[in-house]
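[1] I need the structure of the sequence given here:
(2 chains)
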Amino acid sequence: MTGMRKRNFVAGIILLILSLGYGILTSLLPSRGIENTTEPSFFPWIVTFCLFVLSGALLIQSLWAENSEKLPEIPEIPLTGIVKFIGTFVIYLAALPHLGFIAANTLFFAVLMFFYGERRPHWIILGSVILSVLIFFLFRDVFQIILPAGILERWVS
Amino acid sequence: MNPDIVSGFLQASMASTLLATAVGSFLGLVVGMIPGMTISTGIIIVLPLTFVLPPDISIALLLGLYVSGMTGGSFSAILLNIPGTPSASATAMDGYPMARRGEAGRALGVAVTASFIGGLFSFCCLYFIAPILADIALQFQSQDLFSLVFFGLTIICSFAAKSLIKGLLSAVIGLMIVTIGQDPMVGTARFTFDQVNLISGIHFLTALIGLFAIPQLYDNISELVRGDGRARTKLNISRILPSWADIRSIRLPVSIGAPVGSFLGILPGAGGPIAAFISYDYSRRLSEDGDSFGKGSPRGIAAPEAANNAVTGGALIPMMTLGIPGDPVTAILIGALLVHGLAPGPLLFLERGDFAYGIIFSFFWANIFNIIIAFLGLRLLVKVLTIPKSLLMPTIALLCVIGSYALRNNFFDVYVMFAFGLLGLAMRWLNMPVVPLLLALVLGRPLEEHLRVSLISSQGDVSIFFTSPFSVFFLVLSLISVIWSIQAARKASQAEAA
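    Purely as a prediction, here's the structure:
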């Protein structure tokens, strides 16, 4: 089994497990016992049924049916590139509540600039600091959206 | 004259609203022309700015962006042979050959003019058809509304040409996500895992930002890996205003493109690219010099450009009157209206007629600003194509993070946005379309509500859906939509196999 069929097989298994898990959670939903009305679990049961049937169909299709589906034309990035891309986001999101929007954004911006091909250190420093600070104050002072400044709160407030 | 029309016009013509429309048009032209940036992404980036603005100004800004985004897509298609938006793909076929032989300005001028005429035609359709449709829709009862929303969901099939199963799975995942939060009928918390942030459910726009923006950021990294992401520098543009002879020569393709685009815009799921190619094809067949198409004919630019801009007005008709989005952009516009506590649908015309007409007239102004800004600022605007991605993409990333935070001033929404980004990437890996999930996120809740209200009123009797003429009409349409999509998918796979 290669290519798209393998992907469909993996997805079919995952979605089948998901439908079972969702079904179990649906069965645990409380009943309101109100006469002549539908229960909160009414619609989720329909969704569970559809998800189960369709994941089963995908699984069966990946195993037996003739499948001419081609692999999606997604530009390839080396695995290390994907890990770096996702890893950067995860670290940034974890640091964001602690560092605040200015500090975390500046670091994140600098790393992304490097990812997107910028190699000149002075451009990376200038670009990340100026744009992050500009965006922060634009939202906070012009659009009145309260963005926590974190460790730099004392300096910007 | 209907007083709502007058107040709608005045609302759309206020200085602040006009300014917002003009800014939106400018941003739309910029966003549209950047290859790899879709209009949806552009609107998502701008959305957080609209949270603090009044609803009429917000929607004017977004409409400006929507209309001009379509036109902007043609700029990079003509100058670089890279369509800025999928709808501009057909434009590149004649636009780029014209640019190569030194007629870039003429090609751009024809594109802007045709876009303007197409947009104005669709404004007329919107102005005359939308109120009539809204009047009819006011007679709908819950069972009719269920069947209507169900019909809206069958659009999914047209986005799942490669695999119907995957299209439907994508929609079911969307419906599953919609069930998170309070039950719409009795308020019971469902699948919230005692998490306070989940009680009001997953915010539609948070999901949207992740689904569209994260894969876009990923794509642009991969472009750089392939060495295709460098900024272009040499863009020579001469005379832009089209000559009288050019305007005369594009009469036929524009008169084909404008109605085709408006009609296909009304049909949920058809969208700009299909309208552009159909118009291009018909214009080529009906033109005396059909052979010149594909070799740099102004007519080959005018037909798709009139069509894709006409789609915008057409797509607003079902969105405003029925609350049914025909494409991702109108789905986002529904989300934007909901943020301001306004639900598009027939009641919008009844309860907020001035606002509904305000939207229609803002659409008119968006078309006016589109042509003015495009002609006046074209030489400056195309400089955007030289902005390095190393500045553009991190800026987009920051705006998406701040945008998802700003929805409810909550870091939880930022994490949800990222999770949806990963889901979007996984769906792409699996060749699963994202649009059905998006439509399910918009239509899932009304679908559940109308289904349950109908069943409660009929005491569980499902025949209620087959006794109302409106309901039967929509169910028949749903059936036709599904069969048509399956047939189209079969034909496509047969053609691929051959």
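[2] contacts, neighbours, all on C-alpha from now
    Noted.
[3] where in chain A is the helix or strand with the lowest mean pLDDT?
    helix A:153-156 (a mean of 80; mean pLDDT, DSSP states H and E).
[4] host element of the residue nearest to B:Ser287 when sequence neighbours are not counted?
    Computed as C-alpha to C-alpha, 6 or more residues apart in numbering or on different chains, the closest residue to B:Ser287 that is not its neighbour in sequence is B:Leu252, at 7.6 Å. For B:Leu252, the host element (DSSP states H and E) is helix B:251-266.
[5] buried ones in the next helix or strand after that helix?
    Next helix or strand after helix B:251-266 toward the C-terminus (DSSP H and E): helix B:271-286. Under the neighbour-count criterion of 16 or more other C-alpha atoms under 10 Å in any protein chain shown, helix B:271-286 has B:271-284 buried.
[6] number of nearby residues for the residue of chain B at minimum distance from chain A?
    Nearest to chain A in chain B, going by C-alpha to the nearest C-alpha, is B:Ser390, at a distance of 4.6 Å. A count of neighbours around B:Ser390, defined by other C-alpha atoms under 10 Å in any protein chain shown, yields 26.
[7] look up how far B:Ile43 lies from it.
    21 Å (C-alpha to C-alpha, to the nearest Å).
[8] repeat that for B:Thr467.
    41 Å.
[9] hmm, B:Val178 is touching B:Gly444, no?
    Yes: at 6.1 Å, B:Val178 counts as touching B:Gly444 under the criterion of C-alpha atoms under 8 Å.
[10] ok, back up a step: least confident of the buried residues of helix B:271-286?
    Among the buried residues of helix B:271-286, B:Gly271 carries the weakest pLDDT, at 66.
[11] picking that back up, which residues does the helix holding B:Leu252 contact?
    Applying C-alpha atoms under 8 Å, 6 or more residues apart in numbering or on different chains, the contact partners of helix B:251-266 are B:114, B:117-119, B:121-122, B:125, B:270-272, B:275-276, B:278-280, B:282-283, B:287, B:299-300, B:302-318, B:326.
[12] now it - C-alpha only, CSV.
    In CSV, the C-alpha atoms belonging to helix B:251-266 read as follows (Å, rounded to 0.1, in the frame of the first residue of the first chain):
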residue,chain,number,x,y,z
ARG,B,251,-18.2,45.0,-25.2
LEU,B,252,-19.0,41.4,-26.0
PRO,B,253,-16.8,39.6,-23.5
VAL,B,254,-17.9,42.0,-20.7
SER,B,255,-21.6,41.5,-21.6
ILE,B,256,-21.0,37.7,-21.3
GLY,B,257,-18.8,37.8,-18.2
ALA,B,258,-21.0,40.1,-16.1
PRO,B,259,-24.2,38.1,-16.2
VAL,B,260,-22.4,34.8,-16.1
GLY,B,261,-20.5,35.9,-13.0
SER,B,262,-23.5,37.3,-11.3
PHE,B,263,-25.5,34.2,-11.9
LEU,B,264,-22.8,31.8,-10.8
GLY,B,265,-22.1,34.0,-7.8
ILE,B,266,-25.7,33.5,-6.6
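[13] what is the orientation angle of it with helix B:271-286?
    Calculated by axes from the mean of the first three to the mean of the last three C-alpha atoms, to 10 degrees, helix B:251-266 forms an angle of 150 degrees with helix B:271-286.
[14] would you map out the domains in chain A?
    A:3-63, A:79-156 (automatic domain parsing).
[15] let's have these in a markdown table, adding distance to chain B and mean neighbour count.
    Listed next are these as a markdown table, based on distance: least, C-alpha to the nearest C-alpha, whole Å; neighbours: other C-alpha atoms under 10 Å in any protein chain shown:
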| stretch | distance to chain B | mean neighbour count |
| --- | --- | --- |
| domain A:3-63 | 5 | 18 |
| domain A:79-156 | 5 | 17 |
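[16] nearest to B:Gln143, out of the ones you listed?
    Among those, domain A:3-63 comes nearest to B:Gln143, with 15.2 Å by C-alpha to C-alpha.
[17] next up, the contacts around B:Tyr7.
    One thing to correct before we go on: residue B:7 is Ser, not Tyr. Contacts of B:Ser7 by C-alpha under 8 Å, 6+ apart are B:354, B:357-358.
[18] buried residues, the host helix or strand of it. List them.
    Following DSSP H and E, one finds B:Ser7 within helix B:3-12. The neighbour-count check on helix B:3-12 (16+ other C-alpha under 10 Å) flags B:4-5, B:7-12 as buried.
[19] among the contacts of helix B:251-266, name the ones in helices.
    Mapping the contacts of helix B:251-266 onto helices (DSSP state H) picks out B:114, B:117-119, B:121-122, B:125, B:271-272, B:275-276, B:278-280, B:282-283, B:299-300, B:302-318.
[20] B:Met98 is in contact with B:Ser297, correct?
    Yes: shown here, B:Ser297 and B:Met98 form a contact pair, counting by C-alpha under 8 Å, at 7.3 Å.
[21] which of those two has more residues huddled nearby?
    A side-by-side neighbour count of B:Ser297 and B:Met98, using other C-alpha under 10 Å, places B:Met98 first with 24 against 20.
[22] nearest to B:Val476 among the domains of chain A would be which one?
    Of all the domains of chain A, it is domain A:3-63 that lies closest to B:Val476, at 21.1 Å by C-alpha to C-alpha.
[23] any idea of the mean pLDDT for that closest one?
    Rounded mean pLDDT across domain A:3-63 is 91.
[24] between B:Thr467 and B:Ile43, which is the more surrounded one?
    Set B:Thr467 next to B:Ile43 and count neighbours by other C-alpha under 10 Å: B:Ile43 wins out with 25 against 12.
[25] list the contacts for that one?
    Taking C-alpha under 8 Å, 6+ apart, one finds B:62, B:65-66, B:329, B:332 in contact with B:Ile43.
[26] could the residues you listed be laid out in a markdown table, adding pLDDT, neighbour count and secondary structure?
    A markdown table is the format used below for the contacts of B:Ile43 (pLDDT from 0 to 100; neighbours: other C-alpha atoms under 10 Å in any protein chain shown; DSSP: H, G, I helix; E, B strand; the rest coil):
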| residue | pLDDT | neighbour count | secondary structure |
| --- | --- | --- | --- |
| B:Leu62 | 93 | 31 | helix |
| B:Leu65 | 94 | 33 | helix |
| B:Tyr66 | 92 | 30 | helix |
| B:Val329 | 85 | 23 | helix |
| B:Ile332 | 85 | 25 | helix |
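[27] for the residues you listed, which two are the farthest from each other?
    Spanning the widest gap among the contacts of B:Ile43 are B:Leu65 and B:Ile332, at 12.3 Å by C-alpha to C-alpha.
[28] near chain A, from the ones in helices among the contacts of helix B:251-266?
    Here nothing survives when the ones in helices among the contacts of helix B:251-266 are matched to chain A using C-alpha under 8 Å from any C-alpha of the partner chain.
[29] of those residues, buried ones?
    Buried, going by 16+ other C-alpha under 10 Å: B:114, B:117-119, B:121-122, B:125, B:271-272, B:275-276, B:278-280, B:282-283, B:299-300, B:302-318, out of these.
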